[in-house]
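**Q** here is my input, please return the structure:
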Amino acid sequence: MKGVHSNQGRWGSNAWGRSQSPGDFENTMIVTMKSITVQELLTRYEEGERRFGDIDLGRADLVGVNLQGAEFRRANLAGSNLQGAQLQGINFREANLLGANLRDANLQEANCIGSQLTRADLSGANLNGANLRGAKPIEAILEGADLSEASINEADLTKANLTRAILKEANLIRSNLNRACLHAAVLEWANLTICVLNEADLTQANLMKTSLNSASLTRADLTGADLSFAKLSGANLTQANLTDAQLRAANISWATLRGANLSSASMYRTNLNWSNLSGANLTKAVLMSARISNVNFRNAQLQGAMMPDGSAYQG
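**A** Numbers count the residues shown, from 1 in each chain. Sure, this is the predicted structure:
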């Protein structure tokens, strides 16, 4: 095969044009990366070949190609253009897709475990049922992407843009979403247990029936978010903004809401038992039929709030 060359380490500067730290991928075994042209790739695919692991296709023009079911495990596709490509069931496990263009690509049920997707553009992509466990879509653009029923647990989505993304029933357990933008995203029935969402933008997000047990949402913005029937037991919402949030029948027991802004929030039948709301702003909040046993309201602002018995707060 033409253009055969060897990497320095596993992912050396020859493959990506930059040095890689040993921690970029778990396995550090030496791998020979093979160069290949786009035409050769497409010809071999048309002839029935599906295994293209460890190949170098950095910055390749693959717009609209059909590579369904192909294997690109540990391949280098950094900076490649795969816009609108048909990639259903593809294997991108541990592949390098740094800065790749995957806008409107179909990655339904793709295997992206441990893949490098930092600053990749996946706007409008179909990732329904895809597996992104341990992937690194750091600062990736996933605006309007469909991630329904996707496995995204233990992934690093720091500063990722998930505006209006669909994450219904997605698994995000232990994922890092620090400072991510999830404005108007749909996360209904999603599992974000022990997820880190510090300073994340969740304004107008649909979080109905979402599990956020033991999640960290310090200084997160949940203005106007719908958390009806959500599970937030043991969650950390210190200084979070929940202005006008819908928390109907949500379980927020044993949670920390110190200094949180819950002004005009609807907490009808919400379970707040044993939670810490010291210094919280509950001005004009609705606590009708809420459970507030052993809640710490020290220094909380309750002016104009409707209390569990239906009466207005008399402070």
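
**Q** and the residue nearest to the spatial centre of the chain, what does it touch?
**A** Of all residues in the chain, the one closest to the mean position by Cα atoms, centre = their mean is L157, 5.4 Å from it. If a contact means Cβ atoms under 8 Å, 6 or more residues apart in numbering, then L157 has 137-138, 140, 175-177, 180 as its contacts. For the C-beta atoms, the positions are set from N, CA and C on the backbone; glycine is no exception.

**Q** got CSV for these, with pLDDT and distance to W189 too?
**A** Below are these laid out as CSV (pLDDT from 0 to 100; distance: Cβ to Cβ, whole Å):
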residue, pLDDT, distance to W189
P137, 98, 21
I138, 98, 26
A140, 98, 23
S175, 98, 16
N176, 98, 21
L177, 98, 17
A180, 98, 19
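
**Q** dump those to a markdown table, plus secondary structure.
**A** What follows is these, written out as a markdown table (DSSP: H, G, I helix; E, B strand; the rest coil):
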| residue | secondary structure |
| --- | --- |
| P137 | coil |
| I138 | coil |
| A140 | coil |
| S175 | coil |
| N176 | strand |
| L177 | coil |
| A180 | coil |
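
**Q** wait, which of those residues is closest to C195?
**A** If you rank these by distance to C195 using Cβ to Cβ, S175 comes first, at 5.3 Å.

**Q** picking up where we left off before, out of the contacts of L157, which one sits closest to L277?
**A** Within the contacts of L157, distances to L277 taken as Cβ to Cβ reach their minimum at L177, with 24.1 Å.

**Q** go through the contacts of L157 and say which is closest to R291.
**A** L177 (28.7 Å).

**Q** report how many residues lie close to that closest one.
**A** As a burial measure, L177 scores 28 neighbours (other Cβ atoms under 10 Å).

**Q** what separation do you get for it and G124?
**A** 20 Å (Cβ to Cβ, to the nearest Å).

**Q** tell me the pLDDT of K34.
**A** Note on K34: pLDDT of 91.

**Q** show me the contacts for the nearest residue to L302 once chain neighbours are set aside.
**A** The spatial neighbour of L302 that comes closest, neighbours along the chain excluded (Cβ to Cβ, 6 or more residues apart in numbering), is Y313 at 4.3 Å. Neighbouring residues of Y313 by Cβ under 8 Å, 6+ apart: 302-307.

**Q** ranges for the helices of the stretch 1-150 of the chain?
**A** Assigned by DSSP state H, counting those that start in this stretch, the helices in the stretch 1-150 of the chain fall at 13-16, 38-46.

**Q** CA atoms only for the last one, dumped as CSV, please.
**A** This means helix 38-46. Output of helix 38-46 as CSV, limited to C-alpha atoms (Å, rounded to 0.1, in the frame of the first residue of the first chain):
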residue,chain,number,x,y,z
VAL,A,38,-10.4,9.4,-0.9
GLN,A,39,-10.8,7.7,-4.2
GLU,A,40,-9.0,4.5,-3.0
LEU,A,41,-11.2,4.5,0.1
LEU,A,42,-14.5,4.8,-1.9
THR,A,43,-13.3,2.2,-4.5
ARG,A,44,-12.5,-0.4,-1.8
TYR,A,45,-15.8,0.4,0.0
GLU,A,46,-17.8,-0.2,-3.2
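
**Q** what helices or strands is it leaning on?
**A** Where contact means 3 or more Cβ pairs under 8 Å, 6 or more residues apart in numbering; DSSP states H and E, helix 38-46 is not packed against any helix or strand.

**Q** pLDDT of it, averaged?
**A** Average pLDDT, helix 38-46: 98.

**Q** residues in contact with that helix?
**A** Residues lying outside helix 38-46 but in contact with it, judged by Cβ under 8 Å, 6+ apart, are 52, 55, 57, 60-62, 65-67, 70.

**Q** buried ones in it?
**A** Buried residues in helix 38-46, counting neighbours by 16 or more other Cβ atoms under 10 Å, are found at 41, 45.

**Q** just how off-centre is that helix within its chain?
**A** In this view, helix 38-46 has its centroid 33 Å away from the chain centroid, taken as Cα atoms, centre = their mean, to the nearest Å.

**Q** and if you look at stretch 235-246?
**A** 19 Å.

**Q** repeat for stretch 100-112
**A** In terms of Cα atoms, centre = their mean, the centre of stretch 100-112 is set 15 Å apart from its chain centre.
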